[in-house]
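Undergrad: Just a sequence and a predicted model for now, questions to come.
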Amino acid sequence: MKSIGVVNFSSKPGSVEIREIEKPTIGEDDVLLEVANVGVCGSDLHQWTADHSWHVNYPVVLGHEFGGHIVALGSRVSGWMEGDRVVSETAAVIDPNSPLTRQGLYNLDPTRKGFGYGVNGAMTRFVKVPARCLHTVPENLPFEQACLTEPCSVAYSAVVMNSKIKPGDRVIVLGPGTIGILCAAMARLCGAEVAIVGLEGDRERLNIAKQYGCEGIVGDASAWANKQDGLGADCIIDAAGASATLKIALQLVRPNGHITKVGWGPQPLNFSLDPLVQKNVTLQGSFSHNYPIWEKVLSLLASGALDVKPIIGGVWELKDWHEAFDQMHSGKVVKSVLKPN
């Protein structure tokens, strides 16, 4: 049985197209998932425009933000049934014997391969998923929201786990994309006062961020950073896809403050890191997420404490993937969602 999928087939710009693909064959520890919704990630766009900085196993079906119904189970899978509503983590291939995996930090295993670049992802009707990746989706949570558990988990990891933001902290988020807005929303849930910074073309995205109780700033955020005592903000979350924003973060952070970098920027820095030393600043990278983070995020989504509806700019059929990608790439929407079936 064949179905169609959105396939990234080479490293040249624009090398994404609809192709017929075979229905996956599952192993004894896998389930076959019929995809209900799949979110378009900035990394999908970067692979489409060929300005990414990670290895891709071409050709590959894109899509790693997804949920759906289980339609078949491998012989060794227990605890799940056909028809279960689930979302999947992204760590499709991990080394169970890695010291990191044994600590529960399989997201940091160097041999890890994710959906949509390492193995086939979910921009298609059926996807093969290891049962260890699954989480139950509460009945009251629609799939077009549940499929965004993954970017919400990126934000939770960056803000809660890696930044340790406290109530009353003053936080600046650089970059009003999906991850930036979700980081801002997560910082608000932690009790912080939050500003989110973008460019002139980001005004609509900044307006969406205001729905989460954040101040939107176009351009220079120095006045906001310094308005309390002149020393800068407690924490800067760099969620922009450019290396140069780290220099801005170093200017805005207060002495003994914290910078968390979650946005990828493959360009060389070409500036001095001396302010990091002079200010005694902590610089923290943040990558991916693990099982307990997904459980926390699903609780936040189901309770309504975290609402992703404001960032969803539309739901497109799979055949209209190009429009969905373009709407995000041009900045007209924050998040596009595809509906394969």
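TA: Now that the structure is in, tell me what you want to look at. Residues are numbered from 1 along each chain as shown.
Undergrad: for the closest residue to residue 95 other than its chain neighbours, what are its contacts?
TA: Among residues not flanking residue 95 along the chain, residue 111 sits closest, at 4.9 Å (C-beta to C-beta, 6 or more residues apart in numbering). For every residue, glycine as well, the C-beta is placed using N, CA and C. The neighbours of residue 111, taking C-beta atoms under 8 Å, 6 or more residues apart in numbering as the test, are 93-95, 98.
Undergrad: what do you get for residue 29?
TA: Taking C-beta under 8 Å, 6+ apart as the test, what residue 29 contacts is 74, 76-77, 130-132.
Undergrad: try it again with 10 Å
TA: By C-beta atoms under 10 Å, 6 or more residues apart in numbering, the residues touching residue 29 are 73-77, 130-132.
Undergrad: do residue 44 as well
TA: Residue 44 neighbours (C-beta under 10 Å, 6+ apart): 6, 8, 16, 38, 52, 62-65, 116-117, 121, 123, 321, 324-325, 328-329, 336, 338.
Undergrad: Which ones among those residues lie within strands?
TA: Among the contacts of residue 44, DSSP state E puts 6, 8, 16, 38, 65, 336, 338 in strands.
Undergrad: Adding neighbour count, write those residues out as JSON lines.
TA: As requested, those are exported to JSON lines (neighbours: other C-beta atoms under 10 Å):
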{"residue": "6", "neighbour count": "30"}
{"residue": "8", "neighbour count": "24"}
{"residue": "16", "neighbour count": "23"}
{"residue": "38", "neighbour count": "34"}
{"residue": "65", "neighbour count": "32"}
{"residue": "336", "neighbour count": "27"}
{"residue": "338", "neighbour count": "30"}
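Undergrad: related to what we said a few turns ago, going through the contacts of residue 111, which ones are buried?
TA: For the contacts of residue 111, a burial check counting by 16 or more other C-beta atoms under 10 Å picks out 94, 98.
Undergrad: Columns secondary structure and pLDDT on top of the contacts of residue 111, output as TSV?
TA: As requested, the contacts of residue 111 are exported to TSV (DSSP: H, G, I helix; E, B strand; the rest coil; pLDDT from 0 to 100):
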residue	secondary structure	pLDDT
93	strand	97
94	coil	97
95	coil	97
98	coil	96
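Undergrad: Need the three-state assignment for the nearest residue to residue 119 once chain neighbours are set aside.
TA: Spatially, and ignoring its direct neighbours in sequence, residue 119 is nearest to residue 92 (4.7 Å; C-beta to C-beta, 6+ apart). Taken by DSSP: H, G, I helix; E, B strand; the rest coil, the conformation at residue 92 corresponds to strand.
Undergrad: Tell me who's in contact with residue 92.
TA: 30, 64, 112-121, 127-130, 133.
Undergrad: and the residue nearest to residue 95, which of the three is it?
TA: coil.
Undergrad: For residue 97, see how far away it is.
TA: With distances taken as C-beta to C-beta, to the nearest Å, residue 111 is found 10 Å from residue 97.
Undergrad: Kindly report the same for residue 19.
TA: From residue 19 to residue 97 the distance is 35 Å (C-beta to C-beta).
Undergrad: of these two, who's got more company?
TA: residue 19 (14 against 8; other C-beta atoms under 10 Å).
Undergrad: any idea how far the more buried one lies from residue 7?
TA: Residue 19 sits 4 Å away from residue 7 when distances are taken as C-beta to C-beta.
Undergrad: What does the pLDDT read for the residue located most distally from the centre of the chain?
TA: Distance from the centre of the chain peaks at residue 229, with 33.4 Å (C-alpha atoms, centre = their mean). With respect to pLDDT, residue 229 scores 97.
Undergrad: which ones are touching it?
TA: 170, 254.
Undergrad: Secondary structure class of it, three-state.
TA: Put simply, residue 229 is coil when judged by three-state DSSP.
Undergrad: how near is it to residue 254?
TA: 8 Å.
Undergrad: And residue 42, by the same measure?
TA: The gap separating residue 42 from residue 254 is 29 Å, by C-beta to C-beta.
Undergrad: Going by residue numbers, what spans are strands in the stretch 101-250 of the chain?
TA: Shown for the stretch 101-250 of the chain, the strands assigned by DSSP state E, counting those that start in this stretch span residues 113-114, 126-130, 134-136, 170-174, 193-198, 215-218, 233-238.
Undergrad: helices or strands next to the fifth one in the packing?
TA: Think strand 193-198. Other helices and strands packing on strand 193-198, by 3 or more C-beta pairs under 10 Å, 6 or more residues apart in numbering; DSSP states H and E, are strand 170-174, helix 178-189, helix 203-210, strand 215-218, helix 222-226, strand 233-238, helix 245-252.
Undergrad: one more time with 6 Å, if that's ok
TA: If you count contacts as 3 or more C-beta pairs under 6 Å, 6 or more residues apart in numbering; DSSP states H and E, strand 193-198 packs onto strand 170-174, helix 178-189, strand 215-218.
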